[in-house]
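Engineer: mind folding the following:
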Amino acid sequence: MTNRQQQNNYDMWHKDPENWRFGVFYVNRKDPRVFVPKRNPLLGWTLNFGNPVAWLLILALVLTIAFILKFT
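Structural biologist: Just a heads-up that it's a prediction; the model follows:
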């Protein structure tokens, strides 16, 4: 697959309302990206909750915060 075809897939998936839960959470297991632009790109980036790496990042963040709170 060429870069252009891949970008077309990303754009198609991003615009599909079925991939946005509650209009806020991006969930697409076919999309390999962990970070995707928000629906309004001016607002930054969000996680692709269909990617297991995103869940590992959330878990690491929660554990880090818990560790800091417990030992400070």
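
Engineer: please count neighbours and contacts with C-alpha atoms only from this point.
Structural biologist: Noted.

Engineer: what about the longest helix seen in the chain, average pLDDT?
Structural biologist: Of all segments of type helix in the chain, defined using DSSP state H, the longest is helix 52-70. The average pLDDT for helix 52-70 rounds to 97.

Engineer: packing partners for that helix?
Structural biologist: Counting contacts by 3 or more CA pairs under 8 Å, 6 or more residues apart in numbering; DSSP states H and E, helix 52-70 is packed against no other helix or strand.

Engineer: buried ones in it?
Structural biologist: Across helix 52-70, burial judged by 16 or more other CA atoms under 10 Å covers 53-54.

Engineer: try stretch 16-31
Structural biologist: Neighbour counts using 16+ other CA under 10 Å place 19-20, 25-28, 31 of stretch 16-31 among the buried residues.

Engineer: residue 48 contacts residue 21, correct?
Structural biologist: No. Applying CA atoms under 8 Å as the test, residue 48 and residue 21 come out as separate, 11.0 Å apart.
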